[in-house]
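> Let's see this in three dimensions:
(2 chains)
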Number of protein chains: 2
Amino acid sequence: MRDDTSGKSPTLEQLGEFAVIDRLVRGRRLPGAVVVGPGDDAAVVSAGDGRTLVSTDMLVQDRHFRLDWSTPHEVGRKAIAANAADIAAMGGRATAFVVGFGAPAGTPVDQVGALVDGMWEEAGQIGAGIVGGDVVRCPQWVVSVAVLGDLDGRAPVLRSGAKAGSVVAVAGELGRSAAGFALWRSAMAGFDDLRRRHLVPQPPYGQGVAAAAAGAEAMIDISDGLIADLRHIADASGVGIDLSTAALAADYTALTEAAAAVDADAWTWVLGGGEDHALAACFAGPVPVGWRVIGKTVEGPARVVVDGHPWRGYAGWQSFDRPGD
Amino acid sequence: MRDDTSGKSPTLEQLGEFAVIDRLVRGRRLPGAVVVGPGDDAAVVSAGDGRTLVSTDMLVQDRHFRLDWSTPHEVGRKAIAANAADIAAMGGRATAFVVGFGAPAGTPVDQVGALVDGMWEEAGQIGAGIVGGDVVRCPQWVVSVAVLGDLDGRAPVLRSGAKAGSVVAVAGELGRSAAGFALWRSAMAGFDDLRRRHLVPQPPYGQGVAAAAAGAEAMIDISDGLIADLRHIADASGVGIDLSTAALAADYTALTEAAAAVDADAWTWVLGGGEDHALAACFAGPVPVGWRVIGKTVEGPARVVVDGHPWRGYAGWQSFDRPGD
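Numbering: from 1, shown residues only, chains lettered A, B, ... in the order given. Below you'll find the model as predicted:
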């Protein structure tokens, strides 16, 4: 582990569940939406407009993160970011998170503290907090987060609302996480920014609400890959989506140096790379500031094409795939 | 596994994440509180009074359940019950669950279907549904559930509200899960009802709302053991709690035959056994139907005594204990 503190910290087993939880909870500043915070059987979170958004993502050690690549702090940030991006993709604002954490009994408590610090740092960027959790014994680290969010009176932006004749746009950057992953796996040094983007994604949090306010017809978070995720919009909406490589040239160009260094195709990263947690949405009218048009919707069949043609490369992640193996 | 279907079912890896999720979601009848169900980036659940209860519990294979004891259906019921009981203990009504599920790539999809069927069966008992989830690859089964609940305009019943001079009461039965656990671990046959109670708890769901309506001062779900959980009320409220073995005689008597069979002390099960998910609460006035008085609150110090004396036996579960090892 990059910031190993195991020599100085008691383990989970030595400190015990209740003392660990007390240490994780104490002194945190809870946001205003939290009516009752951690420490009871459940938390109470305000849901201003009488509805709550809810989603969940589970990260498993050596599947979704490696403790020889990521610090615990970075794992915490990634777990929160992946969940918060799902709320943004509905046009919502994340308000609160609950966390299930499994780890071996010998895990140093300081590592768990760093994980939770990372969660609070990421949650703090969007005015949210951690309101509850469960700490259990498990052979490897498992971080399971559920997120609540508020629509503030707006309609949720679903995957199913896209109509033919609209533009497809993205907020946030594409292919960075996949590039970073390839770099971590290679013998190549350098490209520290891309490496870091694999460990800690940078979702464009506020752009989900901005897209909803601008009348986005459909929206999704790019967690599995641009083509794979847009296919969900195509399927749910019954439209075709035609992406333009010319419009994606900036993403491609930003990655060509790294791609050359590891002998990869930057288009595979841009079109198939997951975990950037950028947002993609369809708009009938002008796109808001911070969004860039990358294609258009067309009459069905429901599929995603690139410059009018099927894409032959790696299209995206599924949980039981073995990419790169 | 007791109802092994591995010969007939495709595995998670063969079917793939999206097809698995489609199979789990299709045809389920969602409750009225669900505005947007599974299949988008997040679900939307109504929160009638502008607040949402939220809690989470994680179950790990061979720590919280064994697949040679439990069917996947029973694991699903247990995971939902443990979470729903936390909502009941706040005086709330569970409305929706999200589920993170980790399992090996070779897991038969039919087993996952049975797990989710069990979740729906248990959730259906309380009018709730499963509104989202995540299915990932993991070396062993991990089931992480988060639950949302509604207070229907009532104040939450916290652990911190107990005052000296009240009665302590429980709804639901005590010690059954611990007895069942001891029986599973023994060579002893029989006592099938107790064995089953270890695999599938029977929380007294409606009694949480009933207790809140009757003015309960404080309430908790008995997940770690009666004394261990009442200690949380004692600590949070700054009161002492004095339990009466005479008042607990019915729980003790129900378990003496099984205790004799495995050479155990039934009081250890009644006072220290977890996972029954009974409810314990403090009332200044009369207790509602379905509740029985088992003790009283007294002026501090914050502690739990039995017939006026400290209890010397096993007091309850912590996540990094090794009971029985």
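> Quick check: which element contains residue A:228?
Per DSSP states H and E, residue A:228 falls inside helix A:226-237.
> contact partners of that helix?
A:158-163, A:168, A:170, A:174, A:217-218, A:220-223, A:239-241, A:243, A:270-274, A:280, A:282, A:297, A:302-304, A:306, A:311, A:315-318, B:39-40 (Cβ atoms under 8 Å, 6 or more residues apart in numbering or on different chains). Every residue, glycine included, has its C-beta placed from N, CA and C.
> Show me these that map onto helices.
In helices, defined here by DSSP state H, the members of these are A:270-272.
> If any of the residues you listed are buried, give me the PyMOL selection for them.
To isolate the buried members of these in PyMOL, using 16 or more other Cβ atoms under 10 Å in any protein chain shown:
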select buried, chain A and resi 270+271+272
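> which of the ones in helices among the contacts of helix A:226-237 lies closest to chain B?
Using Cβ to the nearest Cβ, residue A:272 is the member of these that sits closest to chain B, with 15.4 Å.
> Kindly state the pLDDT recorded for that closest one?
Note on residue A:272: pLDDT of 94.
> Excluding sequence neighbours, find me the nearest residue to residue A:62.
If the residues on either side of it in the chain are set aside, residue A:62 comes closest to residue A:140, at 6.7 Å by Cβ to Cβ, 6 or more residues apart in numbering or on different chains.
> Return the residues in contact with that neighbour.
A:60-62, A:102-104, B:138-139.
> For residue A:101, name its beta-bridge partners.
residue A:135, residue A:143 (DSSP bridges).
> Neighbours of it, how many?
Using other Cβ atoms under 10 Å in any protein chain shown, residue A:101 is surrounded by 28 other residues.
> Residue A:21 versus that one, what's the distance?
10 Å (Cβ to Cβ, to the nearest Å).
> Could you do residue A:47 as well?
25 Å.
> between those two, who's got more neighbours?
Ranked by neighbour count (other Cβ under 10 Å), residue A:47 and residue A:21 place residue A:47 first, with 26 against 19.
> Return the residues in contact with that one.
Going by Cβ under 8 Å, 6+ apart, residue A:47 touches A:148, A:150, B:47, B:50-52.
> Is residue A:220 bridged to anything, and to what?
Under the criterion used (DSSP bridges), residue A:220 bridges to residue A:280.
> okay, now it: neighbour count?
29.
> Tell me which residues touch it, please.
A:89, A:159, A:229-230, A:232-233, A:279-281, B:41.
> Tell me how many other residues crowd residue A:198.
Residues near residue A:198, counting by other Cβ under 10 Å: 25.
> To which secondary structure element is the closest residue to it other than its chain neighbours assigned?
Leaving aside its chain neighbours, residue A:198 sits nearest to residue A:180 (2.8 Å; criterion: Cβ to Cβ, 6+ apart). Residue A:180 is part of helix A:176-185, with elements assigned from DSSP H and E.
> From the contact counts, what lies against that helix?
Of the remaining helices and strands, those touching helix A:176-185 by 3 or more Cβ pairs under 8 Å, 6 or more residues apart in numbering or on different chains; DSSP states H and E are helix A:192-199, helix A:249-261, helix A:266-272.
> Give me whichever of these is most buried.
Of all the helices and strands packed on helix A:176-185, helix A:266-272 carries the top mean neighbour count, a mean of 25, counting by mean count of other Cβ atoms under 10 Å in any protein chain shown.
> For that one, report the contacting residues that lie outside it.
A:174-176, A:178-179, A:182, A:225-228, A:243, A:245, A:248, A:251-252, A:255-256, A:258-259, A:306, A:311, A:313-316.
> now that helix, how far from the chain's geometric center?
18 Å (Cα atoms, centre = their mean, to the nearest Å).
> Kindly format the C-alpha coordinates of it as PDB.
The C-alpha coordinates for helix A:266-272 follow below in PDB (Å, rounded to 0.1, in the frame of the first residue of the first chain):
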ATOM      1  CA  ALA A 266      -6.600   6.300 -28.100                       C
ATOM      2  CA  TRP A 267     -10.000   5.800 -29.800                       C
ATOM      3  CA  THR A 268     -10.500   2.700 -27.800                       C
ATOM      4  CA  TRP A 269     -10.000   4.700 -24.600                       C
ATOM      5  CA  VAL A 270     -12.300   7.600 -25.800                       C
ATOM      6  CA  LEU A 271     -15.100   5.400 -27.100                       C
ATOM      7  CA  GLY A 272     -14.800   2.300 -24.800                       C
END
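> and residue A:301, how many neighbours does it have?
Each residue near residue A:301 was counted by other Cβ under 10 Å, and the total is 10.
> partners of the nearest residue to it once chain neighbours are set aside in the sheet?
Ranked by Cβ to Cβ, 6+ apart and with sequence neighbours excluded, the top spatial neighbour of residue A:301 is residue A:240, at 6.3 Å. On the basis of DSSP bridges, residue A:240 is bridged to residue A:298, residue A:303.
> so can I have a markdown table of the helices and strands packed on helix A:176-185 showing distance to residue A:112?
A markdown table is the format used below for these (distance: least, Cβ to Cβ, whole Å):
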| stretch | distance to residue A:112 |
| --- | --- |
| helix A:192-199 | 18 |
| helix A:249-261 | 33 |
| helix A:266-272 | 33 |
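> For residue A:133, which of the ones you listed is the nearest?
helix A:192-199 (22.0 Å; Cβ to Cβ).
> In terms of secondary structure, what does that closest one contact?
Secondary elements touching helix A:192-199 (3+ Cβ pairs under 8 Å, 6+ apart): helix A:176-185.
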